[in-house]
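> sequence unknown, structure follows:
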């Protein structure tokens, strides 16, 4: 056995030395599409990563994970990798991942503000409604028309993207079936979004699933998250889970909790064996 191993390696070395090495092959994980967006008045890119079984299961339809900040140089590789591994191991259901690129995050991911200091520092801020229109009227129809999508869609994002996801859950909950906001930037605009949560959460969110996570920095100033959770605990909305993680920081929580978020929002058809250790840890939940 060792002799054959050495011979094979010597043959490979000889092939490289003679200039006849195997041709290079690119590694492709998905497909990028340009979209000429009327909502945003410019061209944008979405990146689609298909689940492992997509090509071999032509009759199967898949849920879709819409990833905000889903550019190749943003969070695409991280979340697509977690989704692929979750589907392979049976931690979460297989899903199509659609990475939606952002450019001007304070323009696209936060609602209107009248704060003069914020407007001076970020003069374009406050047009999240247009980005939501882009998702609703352009991205989702494109994906649903081109791929074998199922009847469930979820959205995931962190920080300002998490803020956008919470806002969408409040003002247009029917846009997605599940929402994952990892350490959302609820501090933005003097916590204004959390202050309207009480008037927005109710029957409109029934049937929608929400996963919230907060890291050390937000756990130390929990007032904004507390306003939202207090209303959720009143029981008028759909299923929800809050993961309080003071052991993690804003810089580390996304990497650590994405598997749990996908497991919560896209549970597998059959739970994985208990010895695998897959668990969604909710500090508070419905």
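Ah, there it is. Owing to the predicted nature of the structure, the values given are computational and were not obtained by experimental measurement. Numbering: from 1, shown residues only.
> would you list every one of the helices in the stretch 51-200 of the chain?
Counting by DSSP state H, counting those that start in this stretch, the stretch 51-200 of the chain has these helices, from start to end: 76-89, 105-108, 116-121, 128-134, 140-146, 160-171, 188-195, 197-200.
> Burial-wise, tell me which of those comes out on top.
helix 160-171 (a mean of 24; mean count of other CB atoms under 10 Å). All C-beta atoms are positioned from the backbone trio N, CA, C, and that covers glycine.
> that older thread, among the helices of the stretch 51-200 of the chain, which is nearest residue 271?
For residue 271, the closest of those is helix 76-89, at 11.8 Å, according to CB to CB.
> and the closest one, what does it pack onto?
Where contact means 3 or more CB pairs under 8 Å, 6 or more residues apart in numbering; DSSP states H and E, helix 76-89 is packed against strand 42-49, strand 62-68, strand 96-100, helix 253-265.
> now the ones you listed as JSON lines including distance to residue 271, mean pLDDT and mean neighbour count?
JSON lines is the format used below for the helices and strands packed on helix 76-89 (distance: least, CB to CB, whole Å; pLDDT from 0 to 100; neighbours: other CB atoms under 10 Å):
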{"stretch": "strand 42-49", "distance to residue 271": "25", "mean pLDDT": "97", "mean neighbour count": "18"}
{"stretch": "strand 62-68", "distance to residue 271": "17", "mean pLDDT": "98", "mean neighbour count": "26"}
{"stretch": "strand 96-100", "distance to residue 271": "22", "mean pLDDT": "98", "mean neighbour count": "26"}
{"stretch": "helix 253-265", "distance to residue 271": "10", "mean pLDDT": "98", "mean neighbour count": "23"}
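> The residue lying closest to residue 140 once chain neighbours are set aside and residue 178, how far apart?
Leaving aside its sequence neighbours, residue 140 sits nearest to residue 153 (CB to CB, 6 or more residues apart in numbering; 7.1 Å). The gap separating residue 153 from residue 178 is 8 Å, by CB to CB, to the nearest Å.
> Please apply the same query to residue 285.
14 Å.
> In JSON lines: the helices of the stretch 51-200 of the chain, plus mean pLDDT and distance to residue 67.
Below are these laid out as JSON lines (pLDDT from 0 to 100; distance: least, CB to CB, whole Å):
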{"stretch": "helix 76-89", "mean pLDDT": "97", "distance to residue 67": "5"}
{"stretch": "helix 105-108", "mean pLDDT": "97", "distance to residue 67": "14"}
{"stretch": "helix 116-121", "mean pLDDT": "94", "distance to residue 67": "26"}
{"stretch": "helix 128-134", "mean pLDDT": "98", "distance to residue 67": "14"}
{"stretch": "helix 140-146", "mean pLDDT": "98", "distance to residue 67": "12"}
{"stretch": "helix 160-171", "mean pLDDT": "98", "distance to residue 67": "8"}
{"stretch": "helix 188-195", "mean pLDDT": "96", "distance to residue 67": "20"}
{"stretch": "helix 197-200", "mean pLDDT": "92", "distance to residue 67": "24"}
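> which one of the ones you listed lies closest to residue 182?
Using CB to CB, the helices of the stretch 51-200 of the chain put helix 160-171 closest to residue 182, at 5.4 Å.
> Reformat the helices and strands packed on helix 76-89 as CSV; add distance to residue 274.
Below are the helices and strands packed on helix 76-89 laid out as CSV (distance: least, CB to CB, whole Å):
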stretch, distance to residue 274
strand 42-49, 29
strand 62-68, 24
strand 96-100, 27
helix 253-265, 14
